[in-house]
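Asker: return a 3D structure for these sequence lines:
(one chain, ligands or ions: 1)
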Amino acid sequence: MTTTSQTGEVVVHSDADVLAAATAARLITALADAQAARGSASVVLTGGGTGIAILEYVRHSPARDAVDWSRLDVFWGDDRFVPADDPERNERQAREALLDHVPVDRARVHAMAPSDGEFGDDPDAAAAAYARVLAATATDGDVPAFDVMILGLGGEGHTASIFPDTPAAHETERSVVAVRDCPKPPPTRVSLTFPAIRRATEVWLVTAGAAKADAVAAAHRGSGEIALPVAGARGTERTRWLLDTEAAAGLSWSQHV
Ligand SMILES: O=C1O[C@H](COP(=O)(O)O)[C@@H](O)[C@H](O)[C@H]1O
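Answerer: Sure thing, here's the model as predicted:
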């Protein structure tokens, strides 16, 4: 089922597997279309169960080489500030699921620094460095107009690593911030902020499962972005909510038509 609301387009798939497979197909098409139009494309990846399942489906898709992987810039919406080889790293999970299996240009894979990287155990320095990476790859302003940004969300309403009622949710200037004391482990992260998220041409909010239903419904009822950060994620041209039936269970027809 597909509907459109003020919050964006809502597409509901039958279950989490179909959601991940269909989103992988969309992603391949969107990136191939962007490359056909402009020569290159950019994507912002997320972690989480659904975010990584999408990448697994891309890896195994017979259509995956419709994307010219060498002409793709890859970014992350957030990452966990842990050592590079920690299984909790969104970057590591994405490499294992997809990036190690396709011919990406390593220089165009823009990971956030880990806690054992060049900035040591200083998440503020890692965040500032990532802001410089964004600025260096942007053609207009301090943040690229990413073709597609994939974001997950938490049952309490976080997206990227912007958690409810935290300094990151109030950030209006910086594009990337360090996040500490996260309610969901690991506690220290690096995250894009709303100003950076809203530079994306298309934002895809992808989630599955009953634990996400209340947050999805609250966003569509008009909750504010400080208390429910996922409500503040939107693209300049398109915001898509890609859900399974369980995550969409709190939406009524009247909320999303
Ligand atoms: O901590 C995080 O969680 C979200 C959602 O993950 P999920 O497994 O509950 O779907 C994810 O999008 C984010 O990138 C990650 O750091």
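Asker: would you list every one of the strands in the stretch 1-150 of the chain?
Answerer: With DSSP state E, counting those that start in this stretch, the ranges of strands along the stretch 1-150 of the chain come out as 2-5, 8-13, 41-45, 72-76, 78-80, 148-151.
Asker: take those and write them to CSV, including distance to the ligand, mean pLDDT and mean neighbour count.
Answerer: The C-beta positions use only the backbone N, C-alpha and C, and glycine is treated the same way. Below are the strands of the stretch 1-150 of the chain laid out as CSV (distance: least, C-beta to the nearest ligand atom, whole Å; pLDDT from 0 to 100; neighbours: other C-beta atoms under 10 Å):
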stretch, distance to the ligand, mean pLDDT, mean neighbour count
strand 2-5, 22, 68, 13
strand 8-13, 15, 96, 20
strand 41-45, 8, 98, 24
strand 72-76, 8, 98, 23
strand 78-80, 5, 98, 27
strand 148-151, 6, 98, 26
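Asker: distance to residue 100 for the ones you listed - can I get that in a markdown table?
Answerer: A markdown table is the format used below for the strands of the stretch 1-150 of the chain (distance: least, C-beta to C-beta, whole Å):
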| stretch | distance to residue 100 |
| --- | --- |
| strand 2-5 | 34 |
| strand 8-13 | 27 |
| strand 41-45 | 14 |
| strand 72-76 | 12 |
| strand 78-80 | 17 |
| strand 148-151 | 18 |
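Asker: for residue 101, find the nearest of those.
Answerer: In terms of C-beta to C-beta, the element of those nearest to residue 101 is strand 72-76, at 13.3 Å.
Asker: what's the angle between that closest one and strand 41-45?
Answerer: Relative orientation of strand 72-76 and strand 41-45, computed by axes from the mean of the first three to the mean of the last three C-alpha atoms, to 10 degrees: 20 degrees.
Asker: strand 72-76 packs against which elements?
Answerer: Other helices and strands packing on strand 72-76, by 3 or more C-beta pairs under 8 Å, 6 or more residues apart in numbering; DSSP states H and E, are strand 41-45, helix 90-97.
Asker: quick check: end-to-end length of stretch 163-181?
Answerer: One end of stretch 163-181 to the other measures 10 Å (C-alpha to C-alpha, to the nearest Å).
Asker: contact partners of it?
Answerer: Stretch 163-181 is touched from outside by 78, 81, 112, 123-124, 126-128, 130-131, 134-135, 142-143, 154, 156-158, 161-162, 182-184, 187-196, 225-229, 232, with contacts defined as C-beta atoms under 8 Å, 6 or more residues apart in numbering.
Asker: which of those fall within helices?
Answerer: The members of the contacts of stretch 163-181 that map onto helices under DSSP state H are 123, 124, 126, 127, 128, 130, 131, 134, 135, 194, 195, 196.
Asker: out of these, which are buried?
Answerer: 123, 126, 127, 128, 130, 131, 134, 194, 195, 196 (16 or more other C-beta atoms under 10 Å).
Asker: pLDDT value on residue 255, please?
Answerer: As predicted, residue 255 sits at a pLDDT of 41.
Asker: which residue is nearest the middle of the chain?
Answerer: Geometric centre of the chain, nearest residue: residue 151, 2.8 Å, by C-alpha atoms, centre = their mean.
Asker: for that one, which non-adjacent residue is spatially closest?
Answerer: residue 159 (4.9 Å; C-beta to C-beta, 6 or more residues apart in numbering).
Asker: does the one you found touch residue 225 like I think?
Answerer: No: proximity of residue 159 to residue 225 does not meet the contact threshold set by C-beta atoms under 8 Å, at 9.4 Å.
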